[in-house]
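[1] need a 3D model of the following:
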Amino acid sequence: MDQIPIGFLFGGLAVLFLLSGFFSGSETALMSLNRYRLRHLADEGHPGAMRAQRLLSQPDRLIGLILLGNNLVNILITQLATFIGFRLYGDVGIAIATGLLTLALLIFAEVAPKTIGALHSEKLAFPAAFVYVPLLAVAYPLVWLVNLFANSILRIIGLGSEESDGQALSREELRTVVAEAGSLIPGRHRRMLLGILDLEKITVEDIMIPRKDIVGLDLEEDWDKILDQIRQSNYTRLPVYRGSIDNVLGFLHLRKVMDLILSEELTREHLEGNLRETYFIPESTPLNQQLLNFQKKRRRIGLVVDEYGDIKGLVTLEDLLEEIVGEFTTAPGDYSKDVHEQDDGSYLVDGGVHIRAINRALGWELPTDGPRTLNGLVLEHMESIPEPGTSFLINGYPIEVVQVKNKAIKTLRLRERLPQYGGTGADD
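    Residues are numbered from 1 along each chain as shown. Predicted coordinates:
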């Protein structure tokens, strides 16, 4: 080797550095690939993605191949650099070569290639897959032997290579992915996806119309009053009862009696004959399950009952779907029928409105892990029924009691969260 030109030796050293950088960078790139995007590209027939997916399906073989190649190249670099140093400066050159080689390997064969692989994983991983697939076929016997010893050691310590946690995302992890999708998913679609993911942790009690707000037909009322109520109703389905909602008889679909109303031939007998059996829903039913129940039973409305069978409220399919897509009956900026924006930037809110509805309408973060309604939240916070004019903070939001009626808070004034509370807030 003493007759080999020194320039040729430096050229060989440069080639070896490139190979070492390739092995290091491609390893990081392949391991940094987004597995879901990789699967999508492979399903679409992307050649590089298909090969990369095949390699990553058996990571122990891929890692064994890369480390074999990388270690072999690094050993050759060490030998060649030592020889060059000795030829140039003798024994002193060996020490110089060792110091420079350590720094050069760290920068050009490890840090820089791995950084490029992490930042541009697809650009490096897919071309590398074309190299590794045939290389693995050629070096398979040696790779298999190395993996045999490595996997045997892993099994001895109870970490078999076949064990894997899988790649499935939890609901919270999927929420994070959707929330951070940015411009890849339009904001409205992102909110809808998050709404679907939240259905599992929300119950019908969180979205139901409270018992006191249920609009229905009382058959003990005067018949003319009942007819006027049907004609002026804003709803297509109404519960029918005697005396109180506890004595519910069923649900009336107004479309079934509209012809009789127009012809003024509707009687109590006709009305009762067109009732559909009442559908009761336990208050603790998650929304995702209730959506399936509505579909299975072909119902669109039901009464919510507690563990004792007492009626607590009413929930409709529309209420449930609004948790996903937002309000159906309000235009953008109109918020909700119970949330009214004032000229000074504040909002007058009905005390019986659900906290989730306020958060959804205004994009706020009032606490939802306690009482369901704003009235309940204030009573829990104050631990008494406050007088009109009382002001306080909840989660950094200024709240003023405007009207109290029948031992309940009827109307409140809410304002935007104070700046010092940032994105987290705390009760004050």
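[2] any idea what the residue lying closest to Y347 once chain neighbours are set aside is bridged to?
    Distances taken as Cβ to Cβ, 6 or more residues apart in numbering place L414 nearest to Y347, at 4.8 Å, with adjacent residues excluded. All C-beta spots, glycine's among them, are computed from the backbone N, C-alpha and C. For L414, the residues forming beta bridges with it (DSSP bridges) are Y347, I399.
[3] my guess is L414 meets G345, correct?
    No: look at L414 against G345 with Cβ atoms under 8 Å: they stay out of range, at 10.4 Å.
[4] give me the more crowded residue out of these two.
    Per other Cβ atoms under 10 Å, whichever of L414 and G345 has more neighbours is L414, with 20 against 8.
[5] so where's the stretch 251-400 of the chain shaky on pLDDT?
    In the predicted model of the stretch 251-400 of the chain, residues 327-337 satisfy pLDDT under 70.
[6] let me see the ranges of the helices in it.
    Using DSSP state H, counting those that start in this stretch, the helices of the stretch 251-400 of the chain run over residues 258-262, 268-273, 287-297, 317-325, 355-362, 374-382.
[7] which residues touch the shortest one?
    Taking Cβ atoms under 8 Å, 6 or more residues apart in numbering as the criterion, the residues outside helix 258-262 that touch it are 227, 230-231, 266, 270.
[8] wasn't R417 part of a helix?
    No: going by DSSP: H, G, I helix; E, B strand; the rest coil, the assignment for R417 is coil, not a helix.
[9] you'd agree it is up against I394?
    No: R417 is beyond contact range of I394, at 9.9 Å (criterion: Cβ under 8 Å).
[10] between the two, who's got more neighbours?
    Of the pair R417 and I394, I394 is the one with more neighbours under other Cβ under 10 Å, namely 22 against 19.
[11] hmm, back to that, of the helices of the stretch 251-400 of the chain, which is nearest A137?
    helix 287-297 (47.6 Å; Cβ to Cβ).
[12] centre-most residue in this protein?
    With distances taken as Cα atoms, centre = their mean, R175 lies nearest the centre of the chain, 1.4 Å away.
[13] so for that one, what's the nearest residue that isn't a sequence neighbour?
    Distances taken as Cβ to Cβ, 6+ apart put L197 closest to R175, at 5.3 Å, once the chain neighbours are dropped.
[14] show the average pLDDT along the helix or strand containing the one you found.
    Element membership for L197 (DSSP states H and E) is helix 187-198. Averaged over helix 187-198, pLDDT sits at 80.
[15] ok, back up a step: redo the helices of the stretch 251-400 of the chain as JSON lines? Include distance to V15 and mean neighbour count.
    Formatted as JSON lines, those follow (distance: least, Cβ to Cβ, whole Å; neighbours: other Cβ atoms under 10 Å):
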{"stretch": "helix 258-262", "distance to V15": "86", "mean neighbour count": "13"}
{"stretch": "helix 268-273", "distance to V15": "92", "mean neighbour count": "13"}
{"stretch": "helix 287-297", "distance to V15": "59", "mean neighbour count": "16"}
{"stretch": "helix 317-325", "distance to V15": "58", "mean neighbour count": "17"}
{"stretch": "helix 355-362", "distance to V15": "62", "mean neighbour count": "20"}
{"stretch": "helix 374-382", "distance to V15": "70", "mean neighbour count": "19"}
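[16] how about a markdown table for the ones you listed, with distance to G45 added?
    Shown next, in a markdown table, are these (distance: least, Cβ to Cβ, whole Å):
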| stretch | distance to G45 |
| --- | --- |
| helix 258-262 | 56 |
| helix 268-273 | 61 |
| helix 287-297 | 35 |
| helix 317-325 | 33 |
| helix 355-362 | 41 |
| helix 374-382 | 54 |
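[17] residues contacting G64?
    With contact taken as Cβ under 8 Å, 6+ apart, G64 is in contact with 143, 146-147, 150.
[18] kindly apply the preceding question to E122 instead.
    Contacts for E122 (Cβ under 8 Å, 6+ apart) come out as 29, 33, 48.
[19] my guess is the first one contacts L119, does it?
    No: with the criterion set as Cβ under 8 Å, A29 and L119 do not qualify as a contacting pair; they are 9.2 Å apart.
[20] which of these two has more residues huddled nearby?
    Set A29 next to L119 and count neighbours by other Cβ under 10 Å: A29 wins out with 26 against 12.
[21] neighbouring contacts of stretch 180-193?
    178-179, 324-326.
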